[in-house]
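J.: Quick check, what structure comes out for this input:
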Amino acid sequence: MAAGRARVRREILADLLRELGPASPTLCTGWTAHDLAAHLVTRERVLWAGPGLVMGALHGITERAERATMRAHTYPELVEMFRAGPPRWHPTRFAAVDDAANLIEFYVHTEDLRRAAPDGPDGGLAGGSAGTVWNAAESDAAPDRNAMWASLRLIGLAGFRQSAIGVVAERTDAPGRLTLRRREPVVEIVGPPEELLLYAFGRRAAARVELRGDPEAVETLVGAPSGV
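T.: Numbering: from 1, shown residues only. Prediction:
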């Protein structure tokens, strides 16, 4: 399998899955690390489960495939299957395709594990530090920040599509602003690209960002439906 940045992220996530064990919680409601490992393997190896990953009406099909994957393999097997990567015929065997399809996915799921773990940075509370700007030096995402920032426009448009107010993202590691929802009033979400991504993906309580704007508008954004 060709090596790109997503391959590095895959190794980080596989190591964390192995370290934490199958019962470890995640930020994905109702999922343990075991569920997450089954999801990661299924999305790469079960073709008929694919449509349910992007179409809500078909999600039940994907869930059945994930449960079947979990029954068919032990947790250590799932972790090593994920680490090995997709089958040879899969397009993400090519580094450029792998980076486009998986870099963000693997980062988000790594943080789903890290921030839900009892001894993780948020003490298992999924985001006690939301509302403060994350110290960029403490993140391992630095090599991927520009790719994350480039992905934020599309992810943000999806993540904030139901917002009743405007949303602007501002990165703190370098100059950069993106309008993710054109409405008034506007709330600015400020932080490094990886934290802005987590917020746009619906991990709002766990994302280390600063929200700037009228308090009522901020409250509206916080309470709005979220997630890609």
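
J.: Low-confidence ranges, this structure, go.
T.: Scanning the chain for pLDDT under 70 picks out the ranges 1-2, 48-60, 119-139, 226-228.

J.: That one: strands as residue ranges?
T.: 166-171, 177-181, 186-191, 210-212 (DSSP state E).

J.: Same list, those strands, but as TSV with distance to Ser151 please.
T.: To be clear about C-beta, it is placed using only N, CA and C from the backbone, and glycine gets the same treatment. Converted to TSV, those look like this (distance: least, Cβ to Cβ, whole Å):
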stretch	distance to Ser151
strand 166-171	12
strand 177-181	11
strand 186-191	15
strand 210-212	21
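
J.: between those, which one is nearest to Arg5?
T.: strand 166-171 (18.2 Å; Cβ to Cβ).

J.: between that closest one and strand 177-181, how many degrees?
T.: 150 degrees (axes from the mean of the first three to the mean of the last three Cα atoms, to 10 degrees).

J.: Counting by contacts, list what strand 166-171 packs against.
T.: helix 145-159, strand 177-181, strand 186-191, helix 193-200 (3 or more Cβ pairs under 8 Å, 6 or more residues apart in numbering; DSSP states H and E).

J.: Nearest to Glu44, out of these?
T.: Using Cβ to Cβ, the helices and strands packed on strand 166-171 put helix 145-159 closest to Glu44, at 19.5 Å.

J.: so what does that closest one touch, helix or strand wise?
T.: helix 95-114, strand 166-171, strand 177-181, helix 193-200.

J.: Quickly compare the ones you listed and say which is most buried.
T.: helix 193-200 (a mean of 28; mean count of other Cβ atoms under 10 Å).

J.: now that one against helix 95-114, angle please.
T.: Using the same axes, to 10 degrees, helix 193-200 lies at 70 degrees relative to helix 95-114.

J.: picking that back up, want to throw the helices and strands packed on helix 145-159 into a markdown table with distance to Arg212?
T.: Shown next, in a markdown table, are the helices and strands packed on helix 145-159 (distance: least, Cβ to Cβ, whole Å):
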| stretch | distance to Arg212 |
| --- | --- |
| helix 95-114 | 23 |
| strand 166-171 | 8 |
| strand 177-181 | 12 |
| helix 193-200 | 13 |
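
J.: Any idea which of these gets closest to Asp35?
T.: Closest to Asp35 of the helices and strands packed on helix 145-159, according to Cβ to Cβ: helix 95-114, at 10.6 Å.

J.: so the closest one versus helix 145-159, what angle?
T.: Using the same axes, to 10 degrees: helix 95-114 against helix 145-159 is 70 degrees.

J.: and helix 95-114, what other elements does it pack with?
T.: Where contact means 3+ Cβ pairs under 8 Å, 6+ apart, helix 95-114 is packed against helix 5-20, helix 33-45, helix 145-159, helix 193-200.

J.: circling back: go through the strands of the chain and name the closest to Arg43.
T.: strand 177-181 (25.7 Å).

J.: Show residues contacting the closest one.
T.: For strand 177-181, the surrounding residues in contact (Cβ atoms under 8 Å, 6 or more residues apart in numbering) are 149, 152-153, 156-157, 159-161, 163, 165-171, 200.

J.: just to revisit the earlier point, with Ala37 as the reference, name the closest of the strands of the chain.
T.: strand 186-191 (28.6 Å).

J.: Among the helices and strands packed on helix 95-114, show me which one is buried the most.
T.: By mean count of other Cβ under 10 Å, the helices and strands packed on helix 95-114 have helix 193-200 as the most buried, with a mean of 28.
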